[in-house]
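Visitor: sequence and predicted structure below; questions after.
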Amino acid sequence: MAIRLGDEAPDFTAETTQGTINFHEWLGDSWGVLFSHPKDYTPVCTTELGMAARLKPEFDKRNVKVIGLSVDPLDSHIGWERDIEETQGTAVNFPMIADSDRKVADLYDMIHPNASDTFTVRSVFVIGPDKKVKLTLTYPASTGRNFAELLRVIDSLQLTANYSVATPVNWQDGEDCIIVPAVSNEDAKAKFPKGWKEIKPYLRVTPQPNK
Ligand code: BEZ
C-alpha cells in the first residue's frame, strides 16, 4: 500500500554504512529525508549522492537528517562511496541503507514492478519531527532529482509548521507568504506583527515571518 501524506513513516531497523540504525530512534526530534537509489554504481545516483553530501550544511541548518537507500549490500555501498568521493569531490556524509533483502524498499513501496522489478524508483520521503510523512516524490530512474527544490519544500513545510503560513506558486526563500485560511483575521493580528495585505478574504499575503 502506498504511503500517503500524513501517514506515520514506517519504522525499521537496518544495516547502513554508519552501523545498524533504528529509523525512528535515529531521527529523534529531527526532520528526515529518506531517499532511494535504483542501484549502486549507477551514474545519475552518483551525482545525486555527491550533491546531497555537499548540501549537508543546508540540511543541518534546517535540523534535517538525510539517509539514502539502495538495494545492494554494505560492501558494495562502501566501494561505491569511494568512487563518489573521487568523482564528486566530497565524501558521503550520511548513512546509506544496505537493503539487499528489499525490506525497507518494500515497506516504502519503492519498487514499481511495471518500471523495473529489480531497481527502485527514485523515491523521496520528507518526515516531520512527529514522524509523519510530509512530502513524497517519485522520479524515474533516468531523471536526477532537484535538491534545491527539496530544500525549498522543506523551508515551506517548516514555515507552515512554525508560523501558520503557506507558500505561493514558485515561492523562493525571502518572498511573501500566504496566511493559512484556518487563521482568522483576529488571530492574524497577533501572529503577523508585520501585517498583511488582503487581496481577497481568502488570499492574505504577509512578509516571510522568519526574515
Ligand atoms: C542511474 O542512476 O544512473 C540510473 C539508474 C537506473 C537507470 C538509469 C540510470
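Guide: Arrived safely.
Visitor: hey, let's count contacts and neighbours off CA atoms from now on
Guide: Fine.
Visitor: what about residue 165, how many neighbours?
Guide: By the measure other Cα atoms under 10 Å, the count of residues near residue 165 is 27.
Visitor: host element of residue 154?
Guide: Using DSSP states H and E, residue 154 maps to helix 147-163.
Visitor: residues in contact with residue 95?
Guide: Residue 95 makes contacts with 16, 17, 18, 66, 67, 68, as judged by Cα atoms under 8 Å, 6 or more residues apart in numbering.
Visitor: can you tell me the element the spatially closest residue to residue 2 that is not a sequence neighbour falls in?
Guide: Spatial nearest neighbour of residue 2, excluding adjacent residues (Cα to Cα, 6 or more residues apart in numbering): residue 109 at 6.0 Å. If you go by DSSP H and E, residue 109 is not part of any helix or strand.
Visitor: isn't residue 109 up against residue 3?
Guide: Yes. Between residue 109 and residue 3 there is a contact under Cα atoms under 8 Å: 7.5 Å.
Visitor: roughly how far apart are the most far-flung residue of the chain relative to its centre and residue 156?
Guide: Ranked by distance from the centre of the chain (Cα atoms, centre = their mean), the top residue is residue 186, with 34.3 Å. Residue 186 sits 24 Å away from residue 156, going by Cα to Cα, to the nearest Å.
Visitor: quick check: residues of this protein near the ligand?
Guide: Those residues of the chain that sit near the ligand, judged by Cα under 6 Å from any ligand atom, are 38, 42, 43, 44, 45, 141, 142.
Visitor: okay, and the residue farthest from the centre of the chain sits in which element?
Guide: Here residue 186 is assigned to helix 185-191, by DSSP H and E.
Visitor: can you show me the CA trace of that helix as CSV?
Guide: C-alpha atoms of helix 185-191 as CSV (Å, rounded to 0.1, in the frame of the first residue of the first chain):
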residue,chain,number,x,y,z
ASN,A,185,-8.0,38.0,10.9
GLU,A,186,-8.3,38.4,14.7
ASP,A,187,-5.7,35.8,15.4
ALA,A,188,-3.6,37.1,12.5
LYS,A,189,-3.1,40.4,14.3
ALA,A,190,-1.0,38.7,17.0
LYS,A,191,0.7,36.2,14.8
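Visitor: buried stuff in it?
Guide: Within helix 185-191, the residues scored as buried using 16 or more other Cα atoms under 10 Å are 185, 188.
Visitor: chain center to it: distance?
Guide: In this view, helix 185-191 has its centroid 31 Å away from the chain centroid, taken as Cα atoms, centre = their mean, to the nearest Å.
Visitor: where do the helices sit along the protein?
Guide: In the chain, the helices defined using DSSP state H lie at 23-27, 43-54, 56-61, 74-88, 103-107, 147-163, 185-191.
Visitor: by contact count, what packs against the helix holding residue 154?
Guide: Counting contacts by 3 or more Cα pairs under 8 Å, 6 or more residues apart in numbering; DSSP states H and E, helix 147-163 packs against strand 165-166.
Visitor: count of neighbours near residue 71?
Guide: Applying other Cα under 10 Å, we find 25 residues neighbouring residue 71.
Visitor: what sits against it?
Guide: Applying Cα under 8 Å, 6+ apart, we find residue 71 in contact with 37, 38, 39, 40, 98, 99, 100, 101, 102, 105, 119, 120.
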